[in-house]
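Undergrad: 3D, please:
(3 chains)
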Amino acid sequence: MKLKDVAKEEFYRASYGCAGCAAVLMVRLTIKALGKNSVYVVPANCISTVSCYYPQAPFFVPFTVMAFAATASALSGISAGFRRRGREDIHVVGLSGDGGTADIGIQALSGAIDCGNKFIYICYDNEAYMNTGIQRSGLTPYGATTSTTPSPCFENRPKKDMLRIVAAHDIPYAATACTSYPLDYMEKVVKASQVNGPTYIHVLAPCPTGWGFPPDETIEIGRMAVESGVWHLTEFENGEFRTTYTPKRQRPVSEYLAAQARFRHLSPEQIAAIQKEIDAARD
Amino acid sequence: MVAGAPVKKYITANEAVAQAARLARVDVVAAYPITPQTSIVEKIAKYIADGEMDADYIKVESEHSALTACMGVRMAGARAFTSTSSQGLEYMHEMLAYAAGGRYPLVLVNVCRSVALPWSIWGDQQDAIQQRDTGWIQIFTETGQEALDMVLQAYRIAEDHRVLLPVMICLDSFIQSHTEELVQVPDQKAVDSFLPRYDPVVTLDVDDPYSISVGGFGKHYARWREEQQAAAEKSVEVIVEVGDEFARIFGRHYGGLIEEYRCDGAEAVLVAMGAFTGTAREVVDEMRDEGKNVGLVKVRAFRPFPVEPLRKVVSSVKAAAVLDRDCSWGYEGALATDLKAALYGMPDPPTILNFIGGLGGADVPPERMKYMLEKALAADRGATPHLEFIDR
Amino acid sequence: MKKEKSIPGPVQKAGTIPTRMGSWSTAKPVLKGKCTFCLFCWIFCPEGAIGQDETNRKVTFNFEDCKGCGICVRECPTKAIEMVEPEEGE
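TA: Numbers count the residues shown, from 1 in each chain, chains lettered A, B, ... in the order given. This is a model prediction of the structure:
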């Protein structure tokens, strides 16, 4: 995919999302990749909250709000309903947050993959319950302060490995992506849309408000995450994991951590320990 | 189009419900097993496996997901079916409110079972009644035949553009769900003439896109709720209309929102819902033979609550014995409360005696019903509030 | 074309935007340098507030939808965009 080939039409505008929001960017890119023939299920999260309050309707394609725990089961039902009506051409897409995926929504996700209907489950990961005020989630990384792990505490558990969790269900296709690499992400969305079964894409979506950086740095922060090895762009297909992008340069994780207020409390020893873990994972 | 004759089968109410789902040409079934609903979904799965029923079965991992999947099916413009009991209904609770407020014409069959704790797999009506404020239309049935017929009627009621509210058809555990009775299973063509294909008002339509099931603040929220209440009130009319039309095609009429059995000249009536009304009829007959002026008021629609029909029949009696297979702990049985509220403002209202019985699968045998009616006959007009547990 | 229908419940026609977010920021992006039409700012703008002028091979900015995040300024490889506060009296 090349930038000049990306659809120019805008399908998501005037949401109440924060300035510089990667999740808003994710929605914009997703609908550009899939086009008009797509419907969106969004549970309680930032995107639904900034898109669902009457009379504002920022989605230019069909969209519905869904209960927090229920994204994946709604996708199952819509997919089955469309199949019965001979409309399997319509892409059925969930836009769930990290909490709605890894915590309260994980059961429904597990069940829905097992049911085997055709849908694209997209988890946009801003690493906390941002919508309700930056509370920690199962995808909050080790070391981050949040409103429920406030200073002098910090998150003392690593992120749940959602890619491996869905892979363990023998999902036909899954991927990790980042809004800072839009073409890589959009190619994955298109690839997922061509699979006749459940698919999962996990997008790192840096959050200026929750992570503590100025709104113009959103893209740069995501790049730093990938270049420091904190996040990877990968695919799981036919039972195998594969990297889809190897950064041209490696950056020390300390740069990534220093750029965000939520990590600024970390001591040099703690940062060194994080670097050590990243280096070990690389080898 | 000439409809064929119905087929008489000796089946449980659960199987009758499964037959109804088949006849309603449901597109997708999403249900999770729980005693004593299980044989409904097992039968449906068998019909599908044998090619007798053309539907997809989504193997959901919980009841919460079951109802959500059904909402998804409706959003896509197809017809869905689900069924549950007790803990499952409670697990769905969040989605019950979603479905009603979102104006989804879902149909759910609840096999009424006690809610834990104490743990019980046996029958009472606490589970369904506990959900009465979610906005669902709730209709209680007595027999397998009525269950089958009401599932068919439920789709008509729910999908009616004047209503667009979800409908819960309630059965009683084991004594109804698992008891075999002679049931007339209608011919498919006859059902097709009664229940047309689903005609949705709005779906996830890429050619005419809408944001559906969204949110709103203050006046917007209030407007939608007022619309919902208006639809619930309108459903009173629609329930009666649909019942009348059903009777014209299939020859069976259930009386509307309530059924009055031998209430003419009754001094005391037993007010009850569900399968126990079958026993109550016999008790009323026996006591009438003994010269006692008693009758039975079978409440069918619990929501919308049949205020007018109840005022009409209960106004002329001296006392009503209300049998509640439930209790709003800290107060009294829900049916008794709602009945009293419905009679509010009437000059010289009857005495209401509230009996809590049939809990946790306990039977309410004829002697206990006689006991209740005798107490009602002997009650003083304007007696003080009464609450009595009758299970022994 | 479907005739206007009355739909009960919490529903809204897709793409209904009574409120624009342009007022969130007084500072707006302006092309000060040479645009190479690389389209980086266009792809990264979360709001879709940047357009493509293919005739003149440069990007255009929709101030009604721009929230002023500054991502475009940051991501432009030739540093051609600047955030500009409005002049006195504008």
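Undergrad: Please list all residues in contact with residue 79.
TA: Picking chain A for this. If a contact means C-beta atoms under 8 Å, 6 or more residues apart in numbering or on different chains, then residue A:79 has A:92, A:117, A:118, A:119, B:72, B:76 as its contacts. To be clear about C-beta, it is placed using only N, CA and C from the backbone, and glycine gets the same treatment.
Undergrad: Switch to chain B, please.
TA: So residue B:79 contacts B:24, B:25, B:26, B:27, B:28, B:73, B:155, B:198 (C-beta under 8 Å, 6+ apart).
Undergrad: Correct me if wrong: the fourth one contacts residue A:83.
TA: If I follow you right, that is residue B:27. No. Counting by C-beta atoms under 8 Å, residue B:27 sits too far from residue A:83 to count as a contact (9.2 Å).
Undergrad: Quickly list what's touching both of these two.
TA: Residues touching both residue B:27 and residue A:83 (C-beta under 8 Å, 6+ apart) are residue B:56.
Undergrad: Looking at these two, which one has more neighbours?
TA: Each of residue B:27 and residue A:83 has its neighbours counted (other C-beta atoms under 10 Å in any protein chain shown); residue B:27 has more, 22 against 19.
Undergrad: what's the distance between that one and chain A?
TA: Residue B:27 sits 4 Å away from chain A, taking C-beta to the nearest C-beta, to the nearest Å as the criterion.
Undergrad: Which residue ranges of the stretch 201-350 of chain B form strands?
TA: B:210-212, B:258-261, B:268-272, B:294-299, B:301-303, B:319-324 (DSSP state E, counting those that start in this stretch).
Undergrad: looking at those, which is closest to chain C?
TA: Across those, chain C has its closest neighbour in strand B:210-212 (4.8 Å, C-beta to the nearest C-beta).
Undergrad: Among the contacts of residue A:79, pick out the one closest to residue B:47, please.
TA: residue A:117 (20.8 Å; C-beta to C-beta).
Undergrad: Quick check on residue C:69: phi, psi?
TA: Residue C:69 adopts backbone torsions of phi -70, psi -30, taken as degrees, to the nearest 10.
Undergrad: ok, whatever helix or strand residue A:244 lives in: who's next to it in the sheet?
TA: Residue A:244 is located in strand A:240-245, with elements delineated by DSSP states H and E. Next to strand A:240-245 in the sheet, as set by DSSP bridges, lie strand A:233-237 (antiparallel).
Undergrad: and chain C, which of its residues are near chain B?
TA: With the criterion set to C-beta under 8 Å from any C-beta of the partner chain, chain C comes near chain B through C:2, C:5, C:7, C:8, C:9, C:10, C:11, C:12, C:13, C:14, C:15.
Undergrad: okay, those in TSV with distance to residue A:149, secondary structure and pLDDT next?
TA: Output for the residues of chain C next to chain B, formatted as TSV (distance: C-beta to C-beta, whole Å; DSSP: H, G, I helix; E, B strand; the rest coil; pLDDT from 0 to 100):
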residue	distance to residue A:149	secondary structure	pLDDT
C:2	50	coil	46
C:5	49	coil	70
C:7	44	coil	93
C:8	44	coil	93
C:9	39	coil	94
C:10	35	coil	96
C:11	39	strand	96
C:12	37	strand	97
C:13	42	strand	96
C:14	39	coil	97
C:15	39	coil	96
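Undergrad: near chain A, from the residues you listed?
TA: Okay, of the residues of chain C next to chain B touching chain A (C-beta under 8 Å from any C-beta), that's C:10, C:12, C:13, C:14, C:15.
Undergrad: Quick check, the fourth one in contact with residue A:62.
TA: Yes. With contacts defined as C-beta under 8 Å, residue C:14 counts as touching residue A:62 at a distance of 6.6 Å.
Undergrad: How are the strands of chain A distributed by residue range?
TA: For chain A, the strands defined by DSSP state E occupy A:38-43, A:63-66, A:91-96, A:119-125, A:173-178, A:198-204, A:233-237, A:240-245.
Undergrad: Would you mind measuring from the residue nearest to residue B:106 when sequence neighbours are not counted to chain C?
TA: Excluding the flanking residues, the one nearest residue B:106 by C-beta to C-beta, 6 or more residues apart in numbering or on different chains is residue B:166, at 4.0 Å. To chain C, residue B:166 is 12 Å away according to C-beta to the nearest C-beta.
Undergrad: Many thanks, we can stop here.
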